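**Student:** Everything below, folded, please.
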Amino acid sequence: MTAYNISFVMPMYNESENIEDTLSRVGALAKDICRDYEIIVIDDASTDGCGDIIDRLALKDPRIKSVRLKMNTKFGGALRAGLKVASMDIVLYTDSDLPAKEEDIKKALGLLEDADVVTAYSLVIKDSSFKRIIMSKGYNFLVHLLFGLKIKDINSGLKIYRRKVLEGLDLKSMSPFIDVEIFAEAVKRGFKIKQYGLIFELRTKGVSSISRMSVVARTFWDMIKYRFGK
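**Tutor:** Just a heads-up that it's a prediction; the model follows:
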């Protein structure tokens, strides 16, 4: 198996119920597949004490890097902060509840042999909520319509980048729209994107914050600024 140098980047908001288990799983995976690695956790001004958990774990393990934001940035700012800190050849973003199975992460990494970006998409409907399904489908349709990105799930919880894809980017988004911004810039610069289908594990602890109305509103504001502000 190919051995990688990977920066695992995980934005985090109120994940005290999940984060220790996530870091244990990521650490075990990294030791299995990496020559060198770092685990960067960006606390997006959480209110449940999970930032303190990361600080404690980082004292015990120098490969864990704690980045704490003073104000909540609705995901995009946290991911942006983590990408700035990442120093390895490969940057792997995943949600802090680790929705992708380790075997799927290994298989997705293998696709980098002839790609610059690998992005996952769900092979099944991830959420039974009619509202969430409509929002997701509508958003992905708008991304395709406005930016020409034929990505099946632009905000999926697993993306892998070669470092050169992220170098020189001046990212502006403070919301989940940052994924679109990265992919649109990658396409402009001629990078090759591959998609990998998997079945994400359902969240069993904690609550996703991605569908908060403040996050949705900021996402569409960032979309408008990026599309018409250039």
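**Student:** And the strands in this protein, which stretches?
**Tutor:** Per DSSP state E, the chain carries strands over the ranges 4-12, 34-43, 64-68, 90-94, 117-122, 158-162, 193-198.
**Student:** Could the C-alpha coordinates of the fifth one be exported in PDB?
**Tutor:** These are the backbone C-alpha positions of strand 117-122, laid out as PDB (Å, rounded to 0.1, in the frame of the first residue of the first chain):
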ATOM      1  CA  VAL A 117      -8.800  16.100  -6.100                       C
ATOM      2  CA  VAL A 118     -11.100  13.300  -4.900                       C
ATOM      3  CA  THR A 119     -14.500  14.100  -3.600                       C
ATOM      4  CA  ALA A 120     -17.000  11.700  -2.100                       C
ATOM      5  CA  TYR A 121     -20.700  11.500  -2.700                       C
ATOM      6  CA  SER A 122     -23.400   9.400  -1.000                       C
END
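**Student:** Dump the strands of the chain to JSON lines, plus mean neighbour count and distance to Ile151.
**Tutor:** The C-beta positions use only the backbone N, C-alpha and C, and glycine is treated the same way. Below are the strands of the chain laid out as JSON lines (neighbours: other C-beta atoms under 10 Å; distance: least, C-beta to C-beta, whole Å):
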{"stretch": "strand 4-12", "mean neighbour count": "24", "distance to Ile151": "19"}
{"stretch": "strand 34-43", "mean neighbour count": "22", "distance to Ile151": "23"}
{"stretch": "strand 64-68", "mean neighbour count": "19", "distance to Ile151": "27"}
{"stretch": "strand 90-94", "mean neighbour count": "22", "distance to Ile151": "14"}
{"stretch": "strand 117-122", "mean neighbour count": "22", "distance to Ile151": "6"}
{"stretch": "strand 158-162", "mean neighbour count": "23", "distance to Ile151": "10"}
{"stretch": "strand 193-198", "mean neighbour count": "18", "distance to Ile151": "7"}
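**Student:** got CSV for those, with mean pLDDT too?
**Tutor:** Shown next, in CSV, are the strands of the chain (pLDDT from 0 to 100):
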stretch, mean pLDDT
strand 4-12, 97
strand 34-43, 98
strand 64-68, 98
strand 90-94, 98
strand 117-122, 96
strand 158-162, 98
strand 193-198, 98
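**Student:** Could you double-check that Phe8 sits in contact with Ala30?
**Tutor:** Yes: Phe8 is within contact range of Ala30, at 6.8 Å (criterion: C-beta atoms under 8 Å).
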